[in-house]
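S.K.: Sequence first, then the predicted structure:
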Amino acid sequence: MTAKLVTPTEAVEMLRAKIDQKWAEAICAEHGVGDPVTFSVPLRPSLSSGKAVEQIGYDRWHEWHTAWRTYETRDIRSTPGTEIIRKPVTIRSVTGNFPATLVAENLSAAAEIVSGTARKPVTIDIARARSIAASLHTAGATLTRAVLKAVYRLGDPDAVVLFEAVSWLREHPDVGSWTARQLPVPGMHSKWLENHGTLLRAVTGRDVRTEVRPRLAVVHLTYVDPDYTASGKRRHDAWTTGDTHDLAYSPRVVLIVENRDCRLWFPSVYDTIVVEGGGKAAASFLADITWIRAADHIIYWGDIDADGYAILDRLRTTMATPTTTGLPAKTVHSILMDATDLHHYAHHGVNHDKAGHPIKPTATRLTHLTQAEATAYDTITTAGPAPFRRIEQEAIPLPHAAARLKSAIDPPLPRVMGPPHCRSWATNRSTADSPRAAPD
């Protein structure tokens, strides 16, 4: 290591950086969690001999030593818990003790030095961090460096709810009579557990999300078989997990869409039911529905954007595995989501979300897309320039979607990347055995 002389200004900046790195560890130690933390900065690394002083220059050495002598007199001696450790150096046959390390024995001492002379303040509100640690400790919650940092990142309202939840859960060992959105914790809104359940588990040691009563999945669907709809019976229906329910007919084709308008107004296609997917949760609640797994063809149509492809990827991953109840693995194909579709409907492309914010790129790697889908995904999610970031599903005319669905049912579809048992089209049925195409 090259010899270096660290000035008082540089040392204080280095001390500030160490506070930013070790504040959580230091505060936990104040509550007996872990070893006490000291903060130290080497003032002349790799410089311990007269020869090194000669190489660095006597004038520079003298200037550095004078600066530290002044700083020590003015700042260090007036700050409890801080000191400059000196070590001997022999220069021209004369040995003297010179500054070697700046040491603050605890967080308070380090913060006091930095607050007095640093160019920039400490980024952490130490008083707030200590208050959070004290609240966690008093509540009997788990206190670790990672937990303290995570709770500190919460806004004050969410932190208050967290402390309320810790206290409430201590008094309620059984929460099985509530769903995640029903927990009567003071101040907790219906989606709080969904957003902060992992942190609550780290703090309490309980994964409350698995303890609560499961929320029944409700799937909204539309019957589009023209023979059935001609009967005048109900066209729109809902399927609730665990309920006793008979469909109007068993579909040979299940089309999963994300947009409600696309489901409600989808054109006629024989032997088909259109299901509203429910976004990112689609895979979790559609995968265990018997009549969906029983269909000959499961097809997904979503937005051409990062979320749309992520939903498709997750749905394929889930469906590729048989269920614990014996439902078979299934292949999921898509329509209107490949590179050709991206270019064909490019005039519908947008770069901003519904709030007017720019849609950001993503580096998420999806492994269950066809090559054509992956090309489209890469085009719109790249960190570099993109023609646009999204084509919304509802911008594509429904007759186009119906025509694409009909054409996708009979010919072999593109191979899907993934486990061998889910790569090829499930069956190559003859035209006579295929769902009939509704007249245009």
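M.R.: Here it is on my side, so go on. Note that this is a predicted model, so its numbers are computed, not measured.
S.K.: got a list of contacts for stretch 199-216?
M.R.: With C-beta atoms under 8 Å, 6 or more residues apart in numbering as the test, stretch 199-216 has contacts from 136, 141-142, 144, 146-147, 150-151, 154, 162, 165-166, 169, 174-183, 193-194, 197, 240-243. For glycine as for every other residue, the C-beta is placed from the backbone atoms N, C-alpha and C.
S.K.: That one: end-to-end distance?
M.R.: The first residue of stretch 199-216 is 25 Å away from its last residue (C-alpha to C-alpha, to the nearest Å).
S.K.: What mean pLDDT does that stretch get?
M.R.: Mean pLDDT, stretch 199-216: 92.
S.K.: ok so, going back, out of the contacts of stretch 199-216, which end up buried?
M.R.: Buried subset of these (neighbour count, 16 or more other C-beta atoms under 10 Å): 136, 141-142, 144, 147, 150-151, 162, 165-166, 169, 175, 178, 180, 183, 193, 197.
S.K.: Please flag which of these sit within helices.
M.R.: Of the buried ones among the contacts of stretch 199-216, the ones assigned to helices by DSSP state H are 136, 147, 150-151, 162, 165-166, 169, 193, 197.
S.K.: can you redo those as TSV with distance to residue 397?
M.R.: Putting those into TSV (distance: C-beta to C-beta, whole Å) gives the following:
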residue	distance to residue 397
136	56
147	52
150	47
151	50
162	48
165	48
166	53
169	52
193	41
197	41
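S.K.: Report the two of those separated the most.
M.R.: Across these, no pair lies farther apart than 136 and 193, at 18.3 Å, counting by C-beta to C-beta.
S.K.: Would you state the helices of the stretch 201-350 of the chain in chain order?
M.R.: Counting by DSSP state H, counting those that start in this stretch, residue ranges of the helices within the stretch 201-350 of the chain are 208-211, 226-229, 260-264, 282-286, 290-294, 306-319, 339-344.
S.K.: Return the set of buried residues in the first one.
M.R.: It refers to helix 208-211. For helix 208-211, burial by neighbour count (16+ other C-beta under 10 Å) applies to 208, 211.
S.K.: Dump the C-alpha coordinates for that helix into CSV.
M.R.: Output in CSV follows, covering the C-alpha atoms of helix 208-211 (Å, rounded to 0.1, in the frame of the first residue of the first chain):
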residue,chain,number,x,y,z
VAL,A,208,-48.7,-14.0,9.7
ARG,A,209,-49.5,-14.2,6.0
THR,A,210,-49.5,-18.0,6.3
GLU,A,211,-51.4,-18.0,9.7
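S.K.: what about it, distance to the chain center?
M.R.: In terms of C-alpha atoms, centre = their mean, to the nearest Å, the centre of helix 208-211 is set 20 Å apart from its chain centre.
S.K.: Can you say which of the helices of the stretch 201-350 of the chain is packed in most?
M.R.: Mean neighbours per residue, mean count of other C-beta atoms under 10 Å, is largest over the helices of the stretch 201-350 of the chain for helix 306-319, with a mean of 22.
S.K.: Just the residues contacting that helix, thanks.
M.R.: Among residues not part of helix 306-319, those counted as contacts by C-beta under 8 Å, 6+ apart are 256, 258, 277, 279-280, 282-284, 286-287, 293, 298, 300, 302, 329-332, 334, 337, 359, 362, 364, 366-369, 373, 376-377, 380-381, 389, 393, 416, 418, 422.
S.K.: Try it again at 6 Å.
M.R.: With contacts defined as C-beta atoms under 6 Å, 6 or more residues apart in numbering, helix 306-319 is touched by 282-283, 287, 300, 302, 330, 332, 334, 362, 366, 368, 377, 381.
S.K.: now that helix, how far from the centre of its chain.
M.R.: Centre-to-centre, helix 306-319 and its host chain are 16 Å apart (C-alpha atoms, centre = their mean).
S.K.: before we move on, what about stretch 246-263?
M.R.: Its chain's C-alpha centre and that of stretch 246-263 lie 30 Å apart, by C-alpha atoms, centre = their mean.
S.K.: returning to what we had before: mind checking which of the helices of the stretch 201-350 of the chain is nearest residue 404?
M.R.: For the helices of the stretch 201-350 of the chain, the distance to residue 404 is smallest for helix 339-344, at 8.5 Å, taking C-beta to C-beta.
S.K.: Give me the buried positions along the following helix or strand past that closest one.
M.R.: Downstream of helix 339-344, the first helix or strand assigned by DSSP states H and E is helix 371-381. Of all the residues in helix 371-381, those buried under the rule 16+ other C-beta under 10 Å are 372-374, 376-377, 379-381.
S.K.: just checking, what packs against helix 371-381?
M.R.: With contacts defined as 3 or more C-beta pairs under 6 Å, 6 or more residues apart in numbering; DSSP states H and E, helix 371-381 has these neighbours: helix 339-344.
S.K.: for the helix it packs on, packing partners?
M.R.: helix 371-381.
S.K.: Please state the mean pLDDT value computed over the helix it packs on.
M.R.: Helix 371-381 shows a mean pLDDT of 96.
S.K.: Report all helices and strands that the helix or strand following it contacts.
M.R.: Scanning forward in sequence from helix 371-381 by DSSP H and E, the next helix or strand is helix 398-409. For helix 398-409, there is no helix or strand it packs on, judged by 3+ C-beta pairs under 6 Å, 6+ apart.
S.K.: Thank you, goodbye.
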